[in-house]
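Visitor: Structure of the sequence below:
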Amino acid sequence: MASLARRILVATDFSKTSELALDAAALLAHQNDAKLTLVHVLVPDGTLEMIEDPRSGLIMADDETRERFHVELHAVCDRWFAELPRRANIALVVSTSPSEGICHYAEHVQADLIVIATHGRTGLARMLNGSVAEHVVRHAPCPVLSLRAPANHHL
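Guide: Below you'll find the model as predicted:
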């Protein structure tokens, strides 16, 4: 029987909430002998050093910013994915929107499944900020497993 998910993309924003997605992705990758990619999306907001590549016109993080986030991503991999039979890949994506960055990267790596946690914002906070997970669910090129902490669970 063929595995449902051979290429799993798991998104992190380094929050406690995203640990739900990391746990689930590790379990699914182990059960399916899947290739796992951990992705974080950087959004240029004026506080990070970004440069424009004159050849492509793409906005990129400067070397120092990239190095700092790669260290963080490797630390997450070491903590959650060290026991996986296949080494997890990491990806640092620069995009104007976290959800668009996740969806575009999932398409680029031909992910079979995206695993993402939601902060579970409601009301005005959700209306003003939107929901990254909701946008990913609606626009992803593959199935999405969206996880939300129970209401009484303090992350």
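
Visitor: got a list of what residue 117 touches?
Guide: By C-beta atoms under 8 Å, 6 or more residues apart in numbering, residue 117 lies in contact with 15, 17, 18, 19, 20, 21, 133, 146, 147, 148, 149. (Each C-beta comes from the backbone N, C-alpha and C, glycine too.)

Visitor: How are the helices of this structure distributed by residue range?
Guide: Ranges of helices within the chain are 18-32, 63-80, 98-108, 123-129, 132-139, based on DSSP state H.

Visitor: Could you export the ones you listed as JSON lines, including mean neighbour count?
Guide: Shown next, in JSON lines, are the helices of the chain (neighbours: other C-beta atoms under 10 Å):
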{"stretch": "helix 18-32", "mean neighbour count": "19"}
{"stretch": "helix 63-80", "mean neighbour count": "14"}
{"stretch": "helix 98-108", "mean neighbour count": "20"}
{"stretch": "helix 123-129", "mean neighbour count": "10"}
{"stretch": "helix 132-139", "mean neighbour count": "18"}
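
Visitor: mind putting those in CSV, distance to residue 45 included?
Guide: Output for these, formatted as CSV (distance: least, C-beta to C-beta, whole Å):
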stretch, distance to residue 45
helix 18-32, 19
helix 63-80, 12
helix 98-108, 11
helix 123-129, 13
helix 132-139, 15
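
Visitor: Go through those and find the least confident stretch.
Guide: Lowest mean pLDDT of these: helix 123-129, a mean of 44.

Visitor: pretty sure residue 30 is touching residue 80, no?
Guide: No. Assessed by C-beta atoms under 8 Å, residue 30 is found out of contact with residue 80, at 11.0 Å.
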